[in-house]
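>>> here is my input; please provide its structure:
(one chain, ligands or ions: 1)
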Amino acid sequence: MSTKLRVGILGATGTVGQRFIQLLENHPQFEVTALAASDRSAGKTYADACAWRLPGDMPEGVKRIMVRPPAPPLDCDFVFSSLPGDVAGEAEESFARAGYPTITNSSSHRMDADVPLLIPEVNHEHLALIGAQRAARGYDRGYIVTNPNCSTIVIAMALAPLHARFGVASCIATTMQAISGAGYPGVPSMDINDNVLPYIGGEEEKIESETLKILGRVNKETISNAEMQVSAQCNRVNVTDGHMASMRVKLSQPASLDEVRDALASFTSLPQQLKLRSAPGTPIIVRDEADRPQPRLDRDAGNGMSVTVGRIAPDNVLDFRFVAVGHNTIRGAAGAAILNAELLVAMGKLE
Ligand code: NAP
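Numbering: from 1, shown residues only. Next comes the predicted model:
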């Protein structure tokens, strides 16, 4: 008999849902047993409902699973959610209330005071919120754990080692975000070809607020936001996968260029110590070439789970500047949620 935990995926037919299915194929701890999507897909087999858009074939194991609406009960022990924000909030609460740990990359619950906004390398101690969440909401076995927005995760990972060692007083981030970040079919080709779109609805606000929560401290069972200023401007660019952020930081303590480089390059944390399956060996890869990082060359580093930082230099206005790249549907979405689940298993919170 399988000893794997049985997983349901909400939003299974979408861009992130397909990435979940790809990354969970042959996972030693998790087995996909339930899939949910919209009315358009419910009642069909996954093979009939889903137009598979990742390289390689749809995994055999999911083809005959019948797609259900995203409502409990589902035939699984916990759920990953990649539902659109407008339906995720209520659906995820109903799963948590029905006893399913709900590990989501949708935005609906990220800023709830009792919900961990988790990057395992950065703030694993925020999982202390789960107890308070269960008590406040009357959940028994269920709970909600979120991962950040796909650009925020790249920015927060790059800031975390600097904040831990020197303190970050302020950060200005300008993103160049891939088309796949908008889901499928996403931005019309007539808008994005030969063009840059200087607006992604809600994205700047998410980066500016989520980063403070992620880098905040736990006091008993609440989070005190990090005391820093974050300013973000977001652009959609004609790149398939991989979000880039051009960043400038002001530090709270003086630091040399070598010290900043070392803080980033030597960063390692609990997921690496625990050797979690999806944890990259090197969470932040520092590249010294003048023309790196680049989305096409660096998004797959660490199986898509590393953030690559380059162009580290002193800055004439703030203290330092650098460029960070991460894979938006892996480190920024499905891979992040799977790593969250692996950490929850290791900490005895997902059984
Ligand atoms: P997507 O490609 O548009 O997929 C949306 C999924 O949700 C599909 O499975 C779709 O099912 C389902 N769905 C749509 N409307 C629904 C409804 N009313 N009820 C139930 N299911 C519904 O979007 P995506 O890019 O995968 O994004 C999904 C979520 O992840 C969003 O909240 C997004 O903000 C977040 N996210 C995305 C990324 C990224 O890089 N793309 C990164 C981080 C977070 P059908 O196929 O049946 O329509």
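
>>> only C-alpha atoms for contact and neighbour calcs from this point on.
Will do.

>>> tell me how far residue 239 lies from residue 23.
Using C-alpha to C-alpha, to the nearest Å, residue 239 is found at 22 Å from residue 23.

>>> over to residue 42?
Taking C-alpha to C-alpha as the measure, residue 42 falls 23 Å from residue 23.

>>> one more: residue 197?
For residue 197, the distance to residue 23 - C-alpha to C-alpha - is 30 Å.

>>> check residue 204 too.
Residue 204 is 28 Å from residue 23, where distance means C-alpha to C-alpha.

>>> for the stretch 151-300 of the chain, what lies in contact range of the ligand?
180-184 (C-alpha under 6 Å from any ligand atom).

>>> farthest-separated two in those?
For those, the farthest-apart pair by C-alpha to C-alpha is 181 and 184; their separation is 8.8 Å.

>>> could you say which helix or strand contains residue 324?
Residue 324 is part of strand 320-326, with elements assigned from DSSP states H and E.

>>> ah, wrong one, I meant residue 279
Using DSSP H and E, residue 279 is not contained in any helix or strand.

>>> residue contacts, it?
Residue 279 makes contacts with 271-272, 305, 339, as judged by C-alpha atoms under 8 Å, 6 or more residues apart in numbering.

>>> same deal with residue 86?
Contact analysis of residue 86 by C-alpha under 8 Å, 6+ apart lists residue 108.

>>> switch the cut-off to 10 Å
Contact analysis of residue 86 by C-alpha atoms under 10 Å, 6 or more residues apart in numbering lists 106-108.

>>> do residue 21 as well
Shown in contact with residue 21 (C-alpha under 10 Å, 6+ apart): 9, 12-13, 31-32, 35, 58-59, 61-62, 334.

>>> let me know the secondary structure of it.
Here residue 21 is recorded as helix under DSSP: H, G, I helix; E, B strand; the rest coil.

>>> avg pLDDT for stretch 106-123?
Average pLDDT, stretch 106-123: 98.

>>> name the next helix or strand downstream of the strand holding residue 324, please.
Heading C-terminal from strand 320-326 (DSSP H and E), you reach helix 335-346.

>>> possible to save the contacts of residue 21 as CSV with neighbour count and secondary structure?
Putting these into CSV (neighbours: other C-alpha atoms under 10 Å; DSSP: H, G, I helix; E, B strand; the rest coil) gives the following:
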residue, neighbour count, secondary structure
9, 30, strand
12, 29, coil
13, 28, coil
31, 22, strand
32, 23, strand
35, 29, strand
58, 19, coil
59, 14, coil
61, 13, helix
62, 19, helix
334, 29, helix
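
>>> can you pull out the helices in the protein?
Listed in chain order, the helices of the chain (DSSP state H) span residues 15-24, 46-49, 60-63, 85-97, 120-123, 129-137, 150-165, 189-192, 203-214, 257-265, 270-273, 295-298, 335-346.

>>> out of the ones you listed, nearest to residue 72?
Across the helices of the chain, residue 72 has its closest neighbour in helix 85-97 (5.8 Å, C-alpha to C-alpha).

>>> okay, now the unreliable bits of this protein?
Applying pLDDT under 70 to the chain flags residues 1-2.

>>> correct me, but residue 155 touches residue 231?
No: with contact defined as C-alpha atoms under 10 Å, residue 155 does not reach residue 231; the gap is 11.4 Å.

>>> which one of these two is surrounded by more residues?
Taking neighbours as other C-alpha atoms under 10 Å, residue 155 and residue 231 compare with residue 155 leading, 27 against 16.

>>> OK, contacts around the residue nearest to residue 175 when sequence neighbours are not counted?
Nearest in space to residue 175, with sequence neighbours left out and distances taken as C-alpha to C-alpha, 6 or more residues apart in numbering, is residue 245 at 4.2 Å. Neighbour list for residue 245: 151-152, 154-155, 158, 172-177, 232-235, 309, 322-326 [criterion: C-alpha under 10 Å, 6+ apart].

>>> check residue 27 too.
Residue 27 neighbours (C-alpha under 10 Å, 6+ apart): 4, 277-278, 338.

>>> about what we covered before: which neighbours do residue 155 and residue 231 share?
Common neighbours of residue 155 and residue 231 (C-alpha under 10 Å, 6+ apart) are 171, 173-174, 207, 247.

>>> in strands, which of those fall?
Under the assignment DSSP state E, these contribute 171, 173-174, 247 to strands.

>>> can you pick the most crowded of those?
Highest neighbour count within these: residue 173, with 26 neighbours (other C-alpha under 10 Å).

>>> okay, and the beta partners of that residue?
Beta bridges link residue 173 to residue 232, residue 247, judged by DSSP bridges.

>>> mind checking how far it is from the ligand?
Distance, residue 173 to the ligand, by C-alpha to the nearest ligand atom, to the nearest Å: 18 Å.

>>> noted, bye for now.
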